[in-house]
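>>> got a sequence here, can you build the structure:
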Amino acid sequence: MKISIHNWMRAESIEQTLERISALGYDSLEIQGSPEMYDTKKIKKLLDSAGLSCWGSVTLMLEQRNLLAKDKKQRAASVQYVKDVIRMVSELEGKMVSVVPGTVGKIIPDGRPEEEWDWAVAGMQEIYEYATAQNVLIGIEPINRFETYFVNRGDQALALAKATGEKCGVCLDTFHMNIEEDDMFEAIRRAKGRLVGFHVADNNRMAPGMGTLQWEKIISTLGEIGYDDVLSVEFCSPLDRTPANPYPNSIEHEPEGLSSEQKKFLEDHGSSAVTEEFYTMLTKKSIDILRPLL
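Numbers count the residues shown, from 1 in each chain. Below is the predicted model of the structure:
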């Protein structure tokens, strides 16, 4: 297995991100799902120069992005957004895109369960057809009940993947699994043959090794089912705004280059802008814990 990392967790230049993860021994980048931000030709050159590859991307389902929306035009625009992320990954010679079907933070449905299921399947089938033509894998990602009411568990993601297409997969995330699965390891085993991505953060959404998850058992269970691709580090550190904060250097009070969309996404996830020192510590902690287990 190889180790990748997302770059949506801190607002900084892509050059700064690549310099850090290259120095720390990461293999690849799972690039932020914001295709409008990137010149893929430039990014590919930067990746090559840093000795890194693009593993893939993750959709940022914010604001009006929702494959389950009651409004047909909103669903169509959401499908197009996911296609744009897929196109970006294809141009960067990446392998996969993890898709969260519903808006992150939306917990009230737009329609009846059977209506939303049909909308989700129709949207995913259109996305899947496009992704297949681009030679990019799709992994449906379950996230916890506090961020969405739709697809919280691996079995739900598997059901949607099977309704979507033969090679449509799932992308599991240890943080969300720890909340939603009755047995994380059995959930991994049930995903055998469909697992195309795996996100890692500890139970408290800090870096691996900073919580209570059993990383040796997680990695060995992935080995049991023959998953030998990439672990994508995706911590989103919850920040302490009280005098009890054990990391007094963690909060960036004057962030640069933080878009309103990024700011909202981070705040919705219980975090905020973080300092480079704190972020580098989390990035290093992640690979120091994971690398010896591979």
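
>>> C-alpha only now, for contacts and for neighbours.
Will do.

>>> so who does the nearest residue to residue 181 once chain neighbours are set aside touch?
Sequence neighbours aside, residue 153 is the residue nearest to residue 181 in space, at 6.3 Å (criterion: CA to CA, 6 or more residues apart in numbering). Residues counted as contacts of residue 153 (CA atoms under 8 Å, 6 or more residues apart in numbering) are 142-144, 177, 180-181.

>>> any idea which of these is closest to residue 193?
residue 142 (16.9 Å; CA to CA).

>>> the closest one against residue 157, yeah?
Yes. In terms of CA atoms under 8 Å, residue 142 counts as a neighbour of residue 157; the distance is 6.0 Å.

>>> which neighbours do the two share?
residue 151.

>>> run through the residues that contact the closest residue to residue 160 other than its chain neighbours.
Excluding the flanking residues, the one nearest residue 160 by CA to CA, 6+ apart is residue 121, at 6.7 Å. Contacts of residue 121 were listed using CA under 8 Å, 6+ apart, and they are 160, 163-164.

>>> where's residue 121, which helix or strand?
helix 113-133 (DSSP states H and E).

>>> show me what secondary structure element comes after that helix.
strand 137-140.

>>> any idea how far that following strand is from the chain center?
Here the centre of strand 137-140 is set off from its chain's centre by 11 Å, with CA atoms, centre = their mean, to the nearest Å.

>>> counting contacts, what elements does it pack onto?
Helices and strands touching strand 137-140, as assessed by 3 or more CA pairs under 8 Å, 6 or more residues apart in numbering; DSSP states H and E, comprise strand 96-99, helix 113-133, helix 154-164, strand 169-173, strand 195-200.

>>> still on that earlier bit, next one: phi and psi at the residue nearest to residue 181?
Torsion angles at residue 153 (phi, psi; degrees, to the nearest 10) stand at phi -120, psi 160.

>>> what's the helix or strand for residue 58?
Per DSSP H and E: strand 53-59 holds residue 58.

>>> tell me the strands beside that strand, with direction?
strand 28-33 (parallel), strand 96-99 (parallel) (DSSP bridges).

>>> could you export those as a markdown table, including mean pLDDT, distance to residue 55 and mean neighbour count?
Rendered in a markdown table, the data for these read as follows (pLDDT from 0 to 100; distance: least, CA to CA, whole Å; neighbours: other CA atoms under 10 Å):
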| stretch | mean pLDDT | distance to residue 55 | mean neighbour count |
| --- | --- | --- | --- |
| strand 28-33 | 96 | 5 | 25 |
| strand 96-99 | 98 | 7 | 28 |
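
>>> tabulate those strands (a markdown table), appending distance to residue 114.
Compiled in a markdown table, those are given as follows (distance: least, CA to CA, whole Å):
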| stretch | distance to residue 114 |
| --- | --- |
| strand 28-33 | 29 |
| strand 96-99 | 20 |
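
>>> of those, which is nearest residue 240?
Taking the strands paired with strand 53-59 one by one with CA to CA, strand 28-33 is closest: 25.0 Å.

>>> which other residues reach the closest one?
Residues from elsewhere that reach strand 28-33 (CA under 8 Å, 6+ apart): 3-8, 18, 52-60, 85, 232.

>>> residues contacting residue 64?
74, 78, 103.

>>> try 6 Å this time
Contact criterion CA atoms under 6 Å, 6 or more residues apart in numbering gives no residues in contact with residue 64.

>>> per-residue pLDDT of it, please?
pLDDT for residue 64: 93.

>>> repeat that for the one 5 residues further on.
Each residue has a pLDDT score; the one for residue 69 is 95.

>>> same question, residue 256
pLDDT, residue 256: 62.

>>> what's the neighbour count on residue 3?
Neighbour count of residue 3, defined by other CA atoms under 10 Å: 22.

>>> let me fix that, I meant to ask about residue 170.
32.

>>> in this structure it contacts residue 193, no?
No. Look at residue 170 against residue 193 with CA atoms under 6 Å: they stay out of range, at 9.6 Å.

>>> done for today, thanks.
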